[in-house]
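build me a model from this:
(chains A and B)
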Amino acid sequence: MKPLYLGALIGLVVSGSIGGYYYLQNNGLNEAQLEAARTLSLASLPTLPTDPSNAVADNPAAIALGQSLFNETALSANGKVACATCHLENSQFQDDLPLGQGIGTTDRRTMPLLGVGYASWLFWDGRKDSLWSQALGPIESTVEHGFTRTQVATYVAKNYQEPYEALLGPLTTLETLPAASPLGNDTQQTAWAELDSEQQNDINQIFANVGKSIAAFERTLLPVENQFDRYTAALLAGESPTEKATLSQKEIDGFKIFVGKGECIQCHNGPRLTDEFFHNTGVASPQNSVQNPVIDHGRADAIAIVEADIFNCLGPYSDANQDQCGELRFMSRDEHLFERAFKPPSLRGVAERAPYMHAGQLATLSLVIEHYNNAPTAVSGHTELNPLGLSTNEKASLLAFLEVL
Amino acid sequence: MKKILILVGIIILAVAAFVAFKMFQPLPENLDTATTQTTIEGHYSVTVSPENADYQRNSLHNWIVEVTTPDGMPVEDAQITIDGGMPQHGHGLPTSPQMTQALGEGRYKIEGVRFNMRGWWEFKLTITANNTVDNVTFNLVMN
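Next comes the predicted model:
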């Protein structure tokens, strides 16, 4: 054999065997894929970030009070709606419906709550900047609890006086107050305007504290370990995954598409598989557009709302100082950039909670994968997606991977 | 000779395949990721560094910008505005970072920076000092 041929052969064998070594070493994942697997696995979940805007965020008494309030149907116009009506404990704290059903029908889908304490922006459009401020929204929404803050204050003073006072200080004595709120119907708004500013402030304070207790409870809802986490843990420990921790070849192929050709990891990253940010992915308006006659602008409309919210991080009911409100202070106010942008949900447990997207537009995960593969034009604004050109096999693998999350 | 060429071709392919196998996402070739750059019109030399080197991607953090004249004299009383984004994805910065403090000796604090995605980010600074405006772009790669 001529030396050159020999050299070529050696070159091939060496590069081939290095590749093969990596292949066998990490169960078919290369180093970059293994690193990606590590970042997505539950072991990478940092400790829960503190919430300086909520002084009782991690207080056990607040957690207990918040749990009762989360399940309290009396905090609603018809006495039948609690947070738990739409956020069901046995269904990852969501309801398997395209749109939530309270006093009326919401215009977006109920979001799952496991790991919600890690989010800096709440709701599909991030129009709330803390969990406690978020909790105040549904209570006064006419289609959810249909309640008002004066009714909340009165109810808590009557039924939760002891735990409330032990935790949050004396409850101001409230004379009988009408249903009143600056966000309610006309009668409620007029009633609110008729209260003096001290009364308004007292009521807002109690209302905020109710939100802070509920938030303390929600912070205890954490993501759970899945088969992918066990598989990754075994690989990272240098073990070959045992039966209990293994993934099928199809699932592994799907993982590779998720972090590679599919580019899913661009937005679904970190151990919750969401970047907690906002993206326009060209999801169509819901079919039943009677309920959504207008285009949902998503994050673009939320910027002004969160900025004007008296219950935001910089507002009078927040326990944070200005330096601790970076998310709000430095949020991008570029409405153009955020036209019809929504927050990617965590993909943990995603297979068990159809339908998908912000108004339940896509009934199955197969339709979700078709959506990403086709990358349709956005209803308004610009989609960030590009068509993927996945084969039938690749789509099946990607689906198999989503099912182990 | 022809056979040798084919073989050489195969070697190159094998090596390229291996490199591709190890690499993850293509960055543009020759991307200049130096953290010290001269502004476009040459008025300033600028160095950027994260305030805390172990910042996490996708968390809000601060950067320190150091501005000097080309011959190394610190530039005081500068105003800095920040822009940028991901050229390969056609979007801007996810937050609106601001210069919040002059730290002295030509050093400035930029608060509110966040990179929510992996890949190539442009971090563009407009620097105004003594009525002289100049621009500079840094290429940062997030993993």
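
all contacts plus neighbour counts: C-alpha atoms, from now on.
Noted.

partner residues bridging B:Trp63?
Beta-bridge pairing for B:Trp63 (DSSP bridges): B:Pro50, B:Ile110.

ok and the residue in chain A nearest chain B?
A:Ser332 (4.3 Å; C-alpha to the nearest C-alpha).

may I have the beta-bridge partners of the residue nearest to that residue when sequence neighbours are not counted?
Nearest residue to A:Ser332 in three dimensions, chain neighbours excluded: B:Thr95, at 4.3 Å (C-alpha to C-alpha, 6 or more residues apart in numbering or on different chains). Going by DSSP bridges, B:Thr95 is paired in beta bridges with A:Met331.

returning to that earlier point: the residue of chain A closest to chain B - how many residues pack around it?
18 (other C-alpha atoms under 10 Å in any protein chain shown).

name the element B:Gly84 belongs to?
Counting by DSSP states H and E, the element that carries B:Gly84 is strand B:79-86.

and if you look at B:Thr100?
Taking DSSP H and E as the criterion, B:Thr100 maps to strand B:98-104.

what about stretch B:55-66, how long is it end to end?
The first residue of stretch B:55-66 is 19 Å away from its last residue (C-alpha to C-alpha, to the nearest Å).

need the residues that contact stretch A:152-171.
Residues from elsewhere that reach stretch A:152-171 (C-alpha atoms under 8 Å, 6 or more residues apart in numbering or on different chains): A:Ala61, A:Ala62, A:Leu65, A:Leu75, A:Leu174, A:Thr176, A:Leu177, A:Ile203, A:Ile206, A:Phe207, A:Asn209.

wait, what's in contact with the residue in chain B positioned nearest to chain A?
Chain A sits closest to B:Thr95 of chain B, with a gap of 4.3 Å, by C-alpha to the nearest C-alpha. Going by C-alpha under 8 Å, 6+ apart, B:Thr95 touches A:Phe330, A:Met331, A:Ser332, B:Gly112, B:Val113, B:Arg114.

in chain B, which spans are strands?
Counting by DSSP state E, chain B has strands at residues B:36-38, B:45-50, B:61-68, B:79-86, B:91-92, B:98-104, B:107-113, B:119-129, B:132-142.

in the second one, which residues are buried?
By neighbour count, with 16 or more other C-alpha atoms under 10 Å in any protein chain shown as the criterion, the buried positions of strand B:45-50 are B:Ser45, B:Val46, B:Thr47, B:Val48.

also the last one?
Applying a neighbour-count criterion of 16+ other C-alpha under 10 Å, one finds B:Val133, B:Asp134, B:Asn135, B:Val136, B:Thr137, B:Phe138, B:Asn139, B:Leu140 buried in strand B:132-142.

can I get those residues in CSV including pLDDT?
As requested, the buried residues of strand B:132-142 are exported to CSV (pLDDT from 0 to 100):
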residue, pLDDT
B:Val133, 96
B:Asp134, 96
B:Asn135, 96
B:Val136, 96
B:Thr137, 96
B:Phe138, 96
B:Asn139, 95
B:Leu140, 93
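
closest one to A:Gly381 among the strands of chain B?
strand B:91-92 (12.1 Å; C-alpha to C-alpha).

domain map for chain A?
Per automatic domain parsing, the structural domains of chain A span A:2-40+A:224-270+A:273-284+A:341-404, A:60-218.

among those domains, which gets the worst mean confidence?
Of all those, domain A:2-40+A:224-270+A:273-284+A:341-404 carries the lowest average pLDDT, namely a mean of 88.

now do the SS call for A:Arg272.
coil (DSSP: H, G, I helix; E, B strand; the rest coil).

need the contact list for it.
Per C-alpha under 8 Å, 6+ apart, neighbours of A:Arg272: A:Leu40, A:Leu42, A:Leu45, A:Gly115, A:Pro223, A:Ser346, A:Leu347, A:Arg348.

point me to the helix or strand that includes the last one.
Using DSSP H and E, A:Arg348 sits within no helix or strand.

how about the nearest residue to it, chain neighbours excluded?
Distance criterion C-alpha to C-alpha, 6+ apart; nearest residue to A:Arg348, sequence neighbours excluded, is A:Leu405 at 5.0 Å.

run a quick neighbour tally on that neighbour.
For A:Leu405, the count of nearby residues is 20 (other C-alpha under 10 Å).

surely it touches A:Gly349?
Yes: with contact defined as C-alpha atoms under 8 Å, A:Leu405 counts as touching A:Gly349 (5.4 Å).

mind putting the domains of chain A into TSV with distance to A:Asp323 and mean neighbour count?
Below are the domains of chain A laid out as TSV (distance: least, C-alpha to C-alpha, whole Å; neighbours: other C-alpha atoms under 10 Å in any protein chain shown):
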stretch	distance to A:Asp323	mean neighbour count
domain A:2-40+A:224-270+A:273-284+A:341-404	21	18
domain A:60-218	15	20
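
how about those in CSV, adding distance to B:Ile127?
Shown next, in CSV, are these (distance: least, C-alpha to C-alpha, whole Å):
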stretch, distance to B:Ile127
domain A:2-40+A:224-270+A:273-284+A:341-404, 29
domain A:60-218, 31
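
quick one: contacts for the residue of chain A closest to chain B?
Applying C-alpha under 8 Å, 6+ apart, we find A:Ser332 in contact with B:Leu93, B:Pro94, B:Thr95, B:Ser96.

any idea how far it is from B:Val113?
A:Ser332 is 10 Å from B:Val113, by C-alpha to C-alpha.

what does A:Thr110 give?
Remark: distance between A:Thr110 and B:Val113 (C-alpha to C-alpha) = 31 Å.

could you do A:Asn27 as well?
Computed as C-alpha to C-alpha, the A:Asn27 to B:Val113 distance reads 37 Å.

ok, now A:Gly260?
Counting by C-alpha to C-alpha, the gap from A:Gly260 to B:Val113 is 26 Å.

next: A:Phe123.
The value you get for A:Phe123 to B:Val113, if C-alpha to C-alpha is used, is 22 Å.

and if you look at A:Pro178?
46 Å.

quick one, what contacts B:Thr100?
B:Tyr108, B:Lys109, B:Ile110, B:Glu111.

let's verify the residue nearest to the spatial centre of chain A: helix, strand, or coil?
Centroid-nearest residue in chain A: A:Pro345, 4.8 Å away (criterion: C-alpha atoms, centre = their mean). With three-state DSSP as the basis, A:Pro345 sits in coil.

mind putting the contacts of A:Ser332 into a markdown table with pLDDT?
As requested, those are exported to a markdown table (pLDDT from 0 to 100):
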| residue | pLDDT |
| --- | --- |
| B:Leu93 | 90 |
| B:Pro94 | 89 |
| B:Thr95 | 93 |
| B:Ser96 | 94 |
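
nearest to B:Thr39 among these?
Nearest to B:Thr39 among these: B:Leu93, at 20.4 Å, using C-alpha to C-alpha.

so what's the nearest residue to the closest one once chain neighbours are set aside up against?
Distance criterion C-alpha to C-alpha, 6+ apart; nearest residue to B:Leu93, sequence neighbours excluded, is B:Gly85 at 4.5 Å. If you count contacts by C-alpha under 8 Å, 6+ apart, B:Gly85 has them with B:His91, B:Gly92, B:Leu93, B:Pro94, B:Trp121, B:Glu122, B:Phe123.

B:Gly85 bridge partners, please.
Beta-bridge partners of B:Gly85, as defined by DSSP bridges: B:Gly92, B:Glu122.

in what helix or strand does A:Pro163 lie?
Assigned by DSSP H and E, A:Pro163 belongs to helix A:161-168.

for A:Phe207, same thing?
helix A:197-218.

what's the angle between that helix and helix A:161-168?
Going by axes from the mean of the first three to the mean of the last three C-alpha atoms, to 10 degrees, helix A:197-218 is angled at 90 degrees with respect to helix A:161-168.
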